[in-house]
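Novice: quick one: sequence and predicted model below, then my questions.
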Amino acid sequence: MRPLVLFYLLVIYVLLQFSWWAYLLLELNSEVVEQKTELYELQKDQVPAHEVDFFSKELNQRTAMVVGEGLVFLAILLIGIYITRRSFNKEFALARQQKNFLLSITHEFKSPLAAVKLNLQTLQKRELEKEQRTSIIAKALNETERIHNLIENALLAARIESHSFQMHLEEFNVTDCIASTIQSRIIPGAEIKNIELDLEDNLYMKGDALAISSLILNLLENAEKYTHDKSYISISLKQVKKNLIIEVGDHGIGISDLEKTKIFEKFYRVGNEDTRNTKGTGLGLFIVKHIVDFHHGTIEVLDNLPNGTIFKVILPVE
């Protein structure tokens, strides 16, 4: 905030200096013409009469020159102020997003680690029945899977930013890829959201199977954040002509039209990390968008009925 105050003070100072410069030049021109006119009055017999008109024209020309140059300078100055102010806004927005990311990533690592520690301490200190032990181990595995996905997303986002992310294109069964990705999320004994699958059999495309798996995981995790326990998440896959259409829908709180234009930005999350209750780092949808772009596809954010959100991904088969 302090640099912005200094910037505005500097802008005010420059504008005042500019106004003073223009005033002095106009006053100087007026004084020169007045002195020439007075000199003419003293030397009427020696100076031709048309010289007075010349003095007046000269004053008008100099005034026009000062005003013209001043307007050009003022326009350049205002454009520079606008560009600088916009750069400040971008830097402040990026700094705020990075702060939110650090807060969220700290929370995202701290919570599952604390849960794993608590589960292990419970196993260490108590004699439990087999069913209870299985449930606790499943919860610990679920939390470690969360940590693993966080690390994978952070590394993948870094590779995307540095343009070092490379896809391995090959034809693969998308139906099996999505089914196995969902199955890998199901850990016996762990709590999971209700998921409804509607996948057409044996649909193939040319692409990166690992990237598509990451896309599904991130869309699924995003849906889980905003889905109530009694609600469900729907995942569908179908082929329309030469495109595959993947839809991941939830019945959560939904996304406003304003937020729909921003959610694919890196680190972007709705609200402030100090007061937000939902999990996440702001990297998931950023990664999803780039995976879709790498496959020359498109992604749409639609409103679900009666509430919630649908992410519609369209990918070319070849």
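Specialist: That came through fine.

Novice: any idea how the chain splits into domains?
Specialist: Following automatic domain parsing, the chain resolves into domains at 2-93, 170-316.

Novice: ranked by average pLDDT, which of those domains falls at the bottom?
Specialist: Of all the domains of the chain, the minimum mean pLDDT falls on domain 2-93 (a mean of 73).

Novice: distance to K117 for the domains of the chain - can I get that in TSV?
Specialist: Every C-beta, even on glycine, is put in place using the N, C-alpha and C of the backbone. Shown next, in TSV, are those (distance: least, CB to CB, whole Å):
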stretch	distance to K117
domain 2-93	36
domain 170-316	17
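
Novice: which one of those lies nearest to S162?
Specialist: In terms of CB to CB, the element of the domains of the chain nearest to S162 is domain 170-316, at 12.3 Å.

Novice: how far out from the middle of the chain is the closest one?
Specialist: When C-alpha coordinates are averaged (CA atoms, centre = their mean, to the nearest Å), domain 170-316 and its chain have centres 18 Å apart.

Novice: could you tell me the end-to-end distance of that domain?
Specialist: Using CA to CA, to the nearest Å, one end of domain 170-316 lies 13 Å from the other.

Novice: returning to that earlier point: so which of the domains of the chain is nearest I105?
Specialist: domain 170-316 (5.3 Å).

Novice: nearest to A154 among the domains of the chain would be which one?
Specialist: Of these, nearest to A154 by CB to CB is domain 170-316, at 6.7 Å.

Novice: can you give me phi and psi for E129?
Specialist: phi -70, psi 160 (degrees, to the nearest 10).

Novice: next one: it from L283, what distance?
Specialist: Going from E129 to L283 by CB to CB, to the nearest Å gives 40 Å.

Novice: mean neighbour count for the domains of the chain - can I get that in TSV?
Specialist: Formatted as TSV, the domains of the chain follow (neighbours: other CB atoms under 10 Å):
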stretch	mean neighbour count
domain 2-93	12
domain 170-316	17
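
Novice: so which of those is nearest L113?
Specialist: Nearest of these to L113, taken as CB to CB: domain 170-316 at 14.0 Å.

Novice: could you report the neighbour count for Q166?
Specialist: 9 (other CB atoms under 10 Å).

Novice: list the contacts for it?
Specialist: Not one residue lies near Q166 by CB atoms under 8 Å, 6 or more residues apart in numbering.

Novice: now the strands: where do they sit in the stretch 101-250 of the chain?
Specialist: Here the stretch 101-250 of the chain has its strands, by DSSP state E, counting those that start in this stretch, at 170-173, 194-199, 204-207, 232-240, 243-249.

Novice: list the strands paired with the last one, with their directions.
Specialist: Just to be clear, that refers to strand 243-249. Strand pairing for strand 243-249, using DSSP bridges, gives strand 232-240 (antiparallel), strand 309-316 (antiparallel).

Novice: wait, which of those is closest to A138?
Specialist: strand 232-240 (19.9 Å).

Novice: which residues does that closest one contact?
Specialist: 174-175, 178, 182, 193-200, 203, 216, 220, 223-224, 227, 244-251, 317.

Novice: ok, A114 to E196 distance?
Specialist: Distance, A114 to E196, by CB to CB: 32 Å.

Novice: and I160, by the same measure?
Specialist: For I160, the distance to E196 - CB to CB - is 31 Å.

Novice: quick one: the helices in the stretch 101-250 of the chain?
Specialist: Listed in chain order, the helices found in the stretch 101-250 of the chain under DSSP state H, counting those that start in this stretch are 130-161, 174-185, 209-225.

Novice: take those helices and lay them out in a markdown table including distance to E91.
Specialist: Formatted as a markdown table, these follow (distance: least, CB to CB, whole Å):
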| stretch | distance to E91 |
| --- | --- |
| helix 130-161 | 17 |
| helix 174-185 | 38 |
| helix 209-225 | 28 |
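
Novice: now do the contacts for the residue nearest the centre of the chain.
Specialist: Centroid-nearest residue in the chain, with CA atoms, centre = their mean: E265, separated by 2.5 Å. E265 sits next to Q97, F286 when contact means CB under 8 Å, 6+ apart.

Novice: got the phi/psi numbers for it?
Specialist: The phi/psi pair for E265 (degrees, to the nearest 10) reads phi -80, psi 150.

Novice: against V11, how distant is it?
Specialist: 29 Å.

Novice: then A223?
Specialist: Counting by CB to CB, the gap from A223 to V11 is 47 Å.

Novice: also L24?
Specialist: Taken as CB to CB, the span from L24 to V11 is 21 Å.

Novice: now swap in H251 and tell me
Specialist: For H251, the distance to V11 - CB to CB - is 50 Å.

Novice: got it, and E161?
Specialist: The value you get for E161 to V11, if CB to CB is used, is 33 Å.

Novice: select, out of the domains of the chain, the one closest to K125.
Specialist: domain 170-316 (19.8 Å).

Novice: related to what we said a few turns ago, closest one to K99 among the strands paired with strand 243-249?
Specialist: Counting by CB to CB, K99 lies closest to strand 309-316 out of the strands paired with strand 243-249; the figure is 26.2 Å.
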